[in-house]
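[1] below is the structure, and that's it, no one-letter string:
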């Protein structure tokens, strides 16, 4: 039986394997680089005291923090690759103006992992980039719908609304264009797959995929407790 019915096991496994390799590399890098970069001794002092950590506990925590920062840069790519592996969708890869394309549905998307990935002052630039793709008559994407996708929204709410960010330099919002929209991660996964709970279903199956991909090396502990974080991020209570 397949892990999910909207992406092949081979594609999902490949994405998970790649992210696990990134995690391993990030951990090794943090271990190797620790101490070579200047460490804030005052921060270390107050963290060990204020957080009641031993020196060894603090070192482990700091290495994890550094590795986590590196890994976070790849999480957005994980979602981009998963979504780009579904039927009808194309992953435009790093370096392109946008991330995902579906020519049949005339949809393109820019994907960000978290609501604060792009600072508020730069959201107008994202809008401008999308408008330049779907509005000019000379563009091959004229008439497409462009989505600004935030996988982890600021609030646990589903939305699919016109994208009208503020431009602080001129003191007003970008003009409303129904073909330039912002959408949360769960809603966009539904749009791509046709399944309302596609993102949640993937979250639920990932521990098994990770276990299988690592030949049992990585077993996710406390899955039920981790699921609470998903619910806090996505379920509108």
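    Now that the structure is in, tell me what you want to look at. Quick caveat: nothing in here was measured; it's all calculated off a predicted structure.
[2] would you point out the helix or strand in the chain whose mean pLDDT is lowest?
    Lowest on mean pLDDT, DSSP states H and E among the helices and strands of the chain sits strand 166-167, with a mean of 86.
[3] against which helices or strands is that one packed?
    helix 123-134, strand 172-173 (3 or more C-beta pairs under 8 Å, 6 or more residues apart in numbering; DSSP states H and E). Where C-beta positions appear, they are placed from N, C-alpha and C, glycine not excepted.
[4] what about the next helix or strand after the longest one, average pLDDT?
    Past helix 123-134, further along toward the C-terminus, the next helix or strand under DSSP states H and E is strand 145-152. Strand 145-152 comes out with an average pLDDT of 97.
[5] describe which strands strand 145-152 pairs with in its sheet and in which direction.
    strand 107-114 (parallel), strand 180-184 (parallel) (DSSP bridges).
[6] out of those strands, which gets nearest to residue 207?
    Proximity to residue 207 (C-beta to C-beta) singles out strand 107-114 among the strands paired with strand 145-152, at 19.8 Å.
[7] taking helix 123-134 as reference, get the angle to that closest one.
    Counting by axes from the mean of the first three to the mean of the last three C-alpha atoms, to 10 degrees, strand 107-114 lies at 160 degrees to helix 123-134.
[8] buried stuff in strand 107-114?
    The neighbour-count check on strand 107-114 (16 or more other C-beta atoms under 10 Å) flags 107, 108, 109, 110, 111, 112, 113, 114 as buried.
[9] also stretch 38-47?
    residue 47.
[10] can you pull the contacts of the residue positioned nearest the centre of the chain?
    Most central in the chain under C-alpha atoms, centre = their mean is residue 113, positioned 2.6 Å from the mean C-alpha point. For residue 113, the contact set (C-beta atoms under 8 Å, 6 or more residues apart in numbering) comprises 72, 75, 76, 79, 151, 152.
[11] try 7 Å this time
    Taking C-beta atoms under 7 Å, 6 or more residues apart in numbering as the criterion, residue 113 is in contact with 75, 76, 79, 151, 152.
[12] my read is that the fourth one contacts residue 78, right?
    No: using C-beta atoms under 7 Å, residue 151 is not in contact with residue 78, being 9.4 Å away.
[13] quick one: furthest residue from the center of the protein?
    residue 49 (34.0 Å).
[14] ok so, going back, how far away is the residue nearest to the centre of the chain from residue 43?
    With distances taken as C-beta to C-beta, to the nearest Å, residue 113 is found 26 Å from residue 43.
[15] can you check residue 162 too?
    Distance, residue 162 to residue 43, by C-beta to C-beta: 43 Å.
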